[in-house]
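>>> here you go, sequence then predicted model.
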Amino acid sequence: MPPTQTLRSELRSLPRAFWVLCAGMFITRFGTFVYPFLTIILHRRGFSYGEIGLAMAAFGGGGLGAALVGGWFADRFGRRNAIVLGTCANALFTFLLYWAQTLPVIMLCAGLAGFMGGFFGPAGNALVADLVPEHLRLRAYSALRLAINAGFAFGTATGGFLVNHSAFWLFAGDALTTAAYGLLALLLLPHGLRHSSTQARWGEALAHLRRDRRFWALLAAQFCAAMIMLQSTSAYSLEVAGRGLAVTLAGWQPTPEQIFGLLIGWNGLIIVSCELSLTRVTQRFEPRRVMCLGYLLLGSGFALNALPGGLRLLLTAMTVFTLGEMLAIPMGSTFVARIAPPAMRGRYMGALGTAWSAASVVGPQLGLRLFGVQPALVWLGCGALGLVAAITLWRCGDREPETCG
C-alpha cells in the first residue's frame, strides 16, 4: 500500500474524541494573540527591556507549578474537567491583562494567566495517551502538533495585523477562543482515565520519577530546548523589528510586526506540511538519536540569527529551527506516554511540563537582558543550548526503548 494511503488509514482510525481535542487546540492556539506580541505591546507602552522581561517571566512563573497541579487534577478528576477549568480561567485573566497598566498588576495578571494556561496542558497530552493505541501515538501527537502549530501560525499572522489596529481585540480574541475550547471540551470530550485519591497521590509518582533516568535526561534536554524556543516569542520579535527590513511582496510592503508574524507563520506552515510525513521516517530510528539531531538543528537554526542579513537569512534560520522542532518535540511526548504508568500519565506529563514552565521564567528575561547588551549573544546562546541538550540526552538517556512509534 502506498505510504500516503497507509498514513491516511492510520489517521482515520484515530477516535473521534481525539479529533475534537485537535479542533479545540487549533481554536485556542489560533487565538494565542497576546503572548507572542506582548513584548511589542509593552515596549510601545514605554516599559524597559528589563521590565518586559519581568512581565514575560511572570507568565512562566505562573505556569511553573501549574503543570504539576494540573497533571494531578487530570489524574484525579478527569482530563475533561481539567481542560474546562483551565481554559475558562485562562480566558478571564488574559482579558484582564488588557486593562492592567502598572507593572505589578501586569505581572499578577500574566502570572495567573500563565498558571491556568499551564494547568490544562497535561490533561490534553494524557487524554491522547488514554484514547490512542501505543502504535499510533507518535502519529497522534504529530497530528495534535499539526493542529497546534497551524492554529498558532495562522493566529500569529492574524495578530500581526491586529497589533497595529486594535490591541483590545488582540486580548479579547485570545480570551474568546480559549473559552471556546473549554466549551467544546465540556460538550464533546470524554473524562478520560480518572483514579481514586490513593492512586492519584504524588508520593508514588515521585518515587517512580526519581528512579527513571530516561525521564530526567529528557527533562533536562527539554529545558534547554524550551529556552531556545521561547526566544521566538520574546527576543526574536525585537530582532526582526530591529533589522528595519524594507521588503516588497507582490506590491505589498509589510511592517516589521507583520514580517515577524509571517516568519512565525512560515514555521507553522512547514510543520503542517511536513511533520506527519516526517514521522513516518523518524519512527524507524532509535528515538534518542532523532531527538539529539533535532536539538542540534533547533539551536543551530536560531544561532544563524547572529549573522547579518535580510529576509532570506531569517527564512533560512527559521527553516532549520523548524526542522529541529519537528524531529525533537513530538518524539519526546510519545516517549513519555510510553514510559509513564497509566495511572500516572497526567503527572508524568505535568512533570515534563515543568521544564517548559521553568524555561518560561528564565528564558524570556535572560534573552531580553542579553538582547539589550548585544543581540548576537542571544542567538549564539541558543546554539550552545542545543548542543547541551543533545549531549545530555545522548550521555544520560541511554536506557530507553529502541522504538517509540
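Looks like it came in fine.
>>> can you give me how far stretch 103-113 is from the chain middle?
20 Å (CA atoms, centre = their mean, to the nearest Å).
>>> quick one: mean pLDDT over that stretch.
Averaging pLDDT along stretch 103-113 gives 91.
>>> run through who's touching that stretch.
If you take CB atoms under 8 Å, 6 or more residues apart in numbering as the criterion, stretch 103-113 is touched by 38, 42, 47, 51, 54-56, 58-59, 61-62, 89-90, 93-94, 96-97, 100. Any C-beta I mention is one placed from the backbone N, CA and C, and that applies to glycine too.
>>> one more: stretch 167-187?
With CB under 8 Å, 6+ apart, stretch 167-187 has contacts from 20-21, 23-25, 27-28, 30-34, 37, 41, 80, 83-84, 86-88, 90-92, 94-95, 97-98, 159, 162-163.
>>> same question, stretch 368-379
Here stretch 368-379 makes contact (CB under 8 Å, 6+ apart) with 39, 49-50, 52-53, 56, 231, 234-235, 238-239, 242, 302-306, 367, 381.
>>> rerun that using 6 Å as the cut-off
Residues outside stretch 368-379 that contact it (CB atoms under 6 Å, 6 or more residues apart in numbering) are 49, 52-53, 234-235, 239, 302-303, 305-306, 367.
>>> tell me the buried residues in it?
By neighbour count on 16 or more other CB atoms under 10 Å, the buried set for stretch 368-379 is 368, 370-372, 375-379.
>>> is residue 244 located within a helix, as I assumed?
No. Counting by DSSP: H, G, I helix; E, B strand; the rest coil, residue 244 falls outside a helix, being coil.
>>> so what pLDDT did the residue lying closest to it once chain neighbours are set aside get?
Nearest non-adjacent residue to residue 244, counting by CB to CB, 6 or more residues apart in numbering: residue 256, 7.1 Å away. At residue 256, the model reports a pLDDT of 76.
>>> ok, residue 256 touching residue 241?
Yes. The criterion here is CB atoms under 6 Å, and residue 256 meets it with residue 241 at 4.0 Å.
>>> so which bits of the host helix or strand of residue 376 are buried?
Counting by DSSP states H and E, the element that carries residue 376 is helix 375-396. With burial defined by 16+ other CB under 10 Å, the residues of helix 375-396 counted as buried are 375-383, 385-390, 392-394.
>>> now, the contacts of stretch 167-187 that are in helices?
In this view, the contacts of stretch 167-187 that belong to helices under DSSP state H are 20-21, 23-25, 27-28, 30, 34, 37, 41, 80, 83-84, 86-88, 90-92, 94-95, 97-98, 159, 162.
>>> pretty sure residue 120 sits against residue 82.
Yes. Between residue 120 and residue 82 a contact is recorded at 5.5 Å, counting by CB under 6 Å.
>>> thinking again about what came up before, can you pick the most crowded of the contacts of stretch 368-379?
Highest neighbour count within the contacts of stretch 368-379, by other CB atoms under 10 Å: residue 235, with 31 neighbours.
>>> check contacts around that residue.
367-368, 371, 378.
>>> next, give me the two most distant ones among the residues you listed.
Maximum pairwise distance among those (CB to CB): 8.4 Å, between 368 and 378.
>>> could you list every helix and strand that the helix or strand that contains residue 271 packs against?
Following DSSP H and E, one finds residue 271 within helix 256-282. Using 3 or more CB pairs under 6 Å, 6 or more residues apart in numbering; DSSP states H and E as the contact criterion, the elements in contact with helix 256-282 are helix 137-162, helix 235-242, helix 311-339.
>>> show me what the next helix or strand after it is packed against.
Using DSSP H and E, the helix or strand that follows helix 256-282 in sequence is helix 287-303. Contact analysis of helix 287-303 by 3+ CB pairs under 6 Å, 6+ apart lists helix 213-229, helix 311-339, helix 375-396 as its packing neighbours.
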